[in-house]
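Participant: 3D model of this:
(chains A and B)
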Amino acid sequence: SQQGEEDPQALSIQEGENATMNCSYKTSINNLQWYRQNSGRGLVHLILIRSNEREKHSGRLRVTLDTSKKSSSLLITASRAADTASYFCATMNSGYSTLTFGKGTMLLVSP
Amino acid sequence: DAGVIQSPRHEVTEMGQEVTLRCKPISGHNSLFWYRQTMMRGLELLIYFNNNVPIDDSGMPEDRFSAKMPNASFSTLKIQPSEPRDSAVYFCASSFSLVGLPGRVYNEQFFGPGTRLTVL
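Facilitator: From the prediction side, this is the model:
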């Protein structure tokens, strides 16, 4: 069964706008990771946030983690057409060493 | 580094035929994962190897699926006999993880480009 559930399933914005995607999960985690998948390609790792971290930045990406609410958000600032892709959150459960992926958010950034 | 290499990129076969997918992980990585992606079920973990040893194969759908990792630089996923419902994109991923130690370290996974399998 899916551990991470992304919201929304699809998001359409204009270039320059910010895009926010959310992820909820059910069990305790070791870390949470976000991946991007361009159409027809493999997944590319974007950012990892550990369970004892609350916020992390990487370039135009900002990830937050709220373990009390079992949720995370990915913010892409000043979006570009090249950001068009599917974005997946993946959780690594405490005591395990595998990732469980959500079904993803499809982001469309229009020029 | 060439990244994770998978072959073939596309495979079209007929029901009942044997299919073998291949993966070369990134050099130095000690964990290898096989995933299957479909529209209906999303991305599912099939099997996971650590130091060439299968650790968790609970995601393998049924006995028709088998995976091997004879050495640190090569793994195969075999489907025999194949069925139309096996049609999907199969991804291999690798990572370096320190498992079983105090203060375990789990790092990001690096995915290959995938093999698109169509079973007619």
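Participant: switch to C-alpha atoms for all contacts and neighbour counts from now on
Facilitator: Noted.
Participant: now residue A:6, what's its secondary structure?
Facilitator: strand (DSSP: H, G, I helix; E, B strand; the rest coil).
Participant: list the contacts of the residue of chain B found nearest chain A.
Facilitator: Chain A sits closest to residue B:113 of chain B, with a gap of 4.5 Å, by CA to the nearest CA. Listed by CA atoms under 8 Å, 6 or more residues apart in numbering or on different chains, the contact partners of residue B:113 are A:41, A:42, B:4, B:5, B:6, B:9, B:91.
Participant: now the fourth one, what are its backbone angles?
Facilitator: I take that to be residue B:5. Backbone torsions of residue B:5, given as degrees, to the nearest 10, read phi -110, psi 130.
Participant: what's the nearest residue to it if we skip its chain neighbours?
Facilitator: Leaving aside its sequence neighbours, residue B:5 sits nearest to residue B:24 (CA to CA, 6 or more residues apart in numbering or on different chains; 5.0 Å).
Participant: isn't that neighbour up against residue B:73?
Facilitator: Yes - the pair residue B:24 / residue B:73 is scored as a contact, 5.4 Å apart, by CA atoms under 8 Å.
Participant: which one of these two has more residues nearby?
Facilitator: Higher neighbour count among residue B:24 and residue B:73: residue B:24, with 23 against 17, using other CA atoms under 10 Å in any protein chain shown.
Participant: could you pull up phi and psi at that one?
Facilitator: When read as degrees, to the nearest 10, the backbone of residue B:24 gives phi -120, psi 110.
Participant: likewise for residue B:86?
Facilitator: phi -80, psi -10.
Participant: so it touches residue B:116, yeah?
Facilitator: No - contact criterion CA under 8 Å: residue B:86 and residue B:116 do not qualify, at 10.5 Å.
Participant: which element, helix or strand, includes residue A:64?
Facilitator: Taking DSSP states H and E as the definition, residue A:64 sits inside strand A:61-66.
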